[in-house]
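K.L.:
Need a 3D model of the sequence below.
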Amino acid sequence: MTPMLATSTPTPALDYTAIAKRHKDGSVLLSIADDRICKLNGVGALTWMVLEQAPHGLSLDAVVDELTAQFDAINAEGELLYEVSPEQLREDTARFLKNLTGMNLLEVIRDSRGREVYCIKQGVSGTTSSSVAAGNSTATPAEAKLSPSSTLESVTSTSAQDETTQPNGTDASVSAHEDIKLLKRETLTAFIGLAAFDLLLKFAGFQSLIRRVEHWPTSEPRTTDREICKRIRAMVDRAQMYYPKKAMCLQHSAVVTCLLRRRGVPAEMVLAAQEFPPKGHAWSEVVGEVVNDNPRVKAKYLELRRV
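P.N.:
Numbers count the residues shown, from 1 in each chain. Modelled structure (predicted):
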């Protein structure tokens, strides 16, 4: 497939510099099928973005050509410096792509010309997909040199289930809804939901939980009533107080999302990650507004996927 820069309107060099600075600490990948969160370094993040912009896949040579063009553009801008020989870049990139393929994050297919091309596997997403060029960045000039292992050895992975089960901050949320009078059956419903998703996660795995939320229908008629959102959150927060173990953000958000949909609210569960240090998180949203967490969470974490 033709590399990105072979178009009539190439992206300005400043965009590449801004993106490189934005991901200088790397990026995070999520594989739902394999219950895996992977951390890439800065160069790995740039390579992943090249693949993200080619949904039909790119050959090794095409990836190398695109990276070379981007490094040249960044170097010309003068804020960052990437120094690597063509031979070394090709060797590093080949090793990196092979490593990601072995981790089931990429797949190798044949294009219409019979060439081997690398494609991102279905169900794999990265924080780079939500990257925004920060044109007003004030980073100082720096030098980023590639070494033979610069992209390979810094690909690390952990369980997505572990990384996206951060504490949900129940105490603060309960105090925010003290004026909501809940029925016992409402608290019991939320309690059963927490137990059900906890068991699903334990015995069926991360992918099964995501699929259950993804396919949970939204009842009719539809509504975005904020009072319903506040009540559902209060229900789950109260149930969490009685739950025998600390319910984490993934289970909490799954229950909030599904209970909202039962009430006709088109809620979405957002899976996100912090790039440095790498850490996963989850929350529930309705028309772009965070329902069960602090609104500032959207600035702290980068979105990986919505379900």
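
K.L.:
pLDDT at Ala139, what is it?
P.N.:
Here the pLDDT value assigned to Ala139 is 35.

K.L.:
meant to ask about Asp179
P.N.:
Predicted confidence (pLDDT) for Asp179: 78.

K.L.:
Leu81 too?
P.N.:
You'll see Leu81 listed with a pLDDT of 89.

K.L.:
what comes up buried for the host helix or strand of it?
P.N.:
In this structure, Leu81 sits in strand 80-83 according to DSSP states H and E. Under the neighbour-count criterion of 16 or more other Cβ atoms under 10 Å, strand 80-83 has 80, 82 buried. Yep, even glycine has a C-beta here, placed from its N, CA and C like the rest.

K.L.:
now stretch 39-56
P.N.:
Residues of stretch 39-56 classed as buried: 39-51, 54 (neighbour count, 16+ other Cβ under 10 Å).

K.L.:
now, which of the residues you listed sits nearest Gln122?
P.N.:
The shortest approach to Gln122 among the buried residues of stretch 39-56 belongs to Leu51, at 13.5 Å (Cβ to Cβ).

K.L.:
I'd guess the closest one is in a strand, am I close?
P.N.:
No - assessed with DSSP: H, G, I helix; E, B strand; the rest coil, Leu51 is helix; it does not lie in a strand.

K.L.:
pretty sure it is touching Ala62, no?
P.N.:
No - look at Leu51 against Ala62 with Cβ atoms under 8 Å: they stay out of range, at 10.0 Å.

K.L.:
Direction included, what does the strand holding Leu81 pair up with?
P.N.:
Strands that pair with strand 80-83, judged by DSSP bridges, come out as strand 142-145 (parallel).

K.L.:
Can you name the element that comes right after the helix ranked longest in the chain?
P.N.:
Criterion DSSP state H: the longest helix present in the chain is helix 184-203. Downstream of helix 184-203, the first helix or strand assigned by DSSP H and E is helix 206-214.

K.L.:
Report the distance from that next one to the chain centre.
P.N.:
15 Å (Cα atoms, centre = their mean, to the nearest Å).

K.L.:
And it, what's buried?
P.N.:
By neighbour count with 16+ other Cβ under 10 Å, helix 206-214 contains the buried residues 206-207, 209-210, 212-213.

K.L.:
now whichever helix or strand comes after that helix against helix 184-203, angle please.
P.N.:
Next in sequence after helix 206-214, counting helices and strands by DSSP H and E, comes helix 226-242. If you take axes from the mean of the first three to the mean of the last three Cα atoms, to 10 degrees, helix 226-242 sits at 70 degrees to helix 184-203.

K.L.:
Could you export helix 226-242 as CSV, CA atoms only?
P.N.:
Output of helix 226-242 as CSV, limited to C-alpha atoms (Å, rounded to 0.1, in the frame of the first residue of the first chain):
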residue,chain,number,x,y,z
ARG,A,226,-29.4,13.7,34.6
GLU,A,227,-31.4,12.8,37.6
ILE,A,228,-31.6,9.2,36.4
CYS,A,229,-27.8,9.2,36.0
LYS,A,230,-27.3,10.6,39.5
ARG,A,231,-29.6,8.0,40.9
ILE,A,232,-28.0,5.0,39.2
ARG,A,233,-24.6,6.2,40.3
ALA,A,234,-25.8,6.5,43.9
MET,A,235,-27.3,3.0,43.7
VAL,A,236,-24.0,1.4,42.6
ASP,A,237,-22.0,3.5,45.1
ARG,A,238,-24.3,2.4,47.9
ALA,A,239,-24.1,-1.2,46.9
GLN,A,240,-20.4,-0.9,46.7
MET,A,241,-20.4,0.0,50.4
TYR,A,242,-21.9,-3.3,51.3
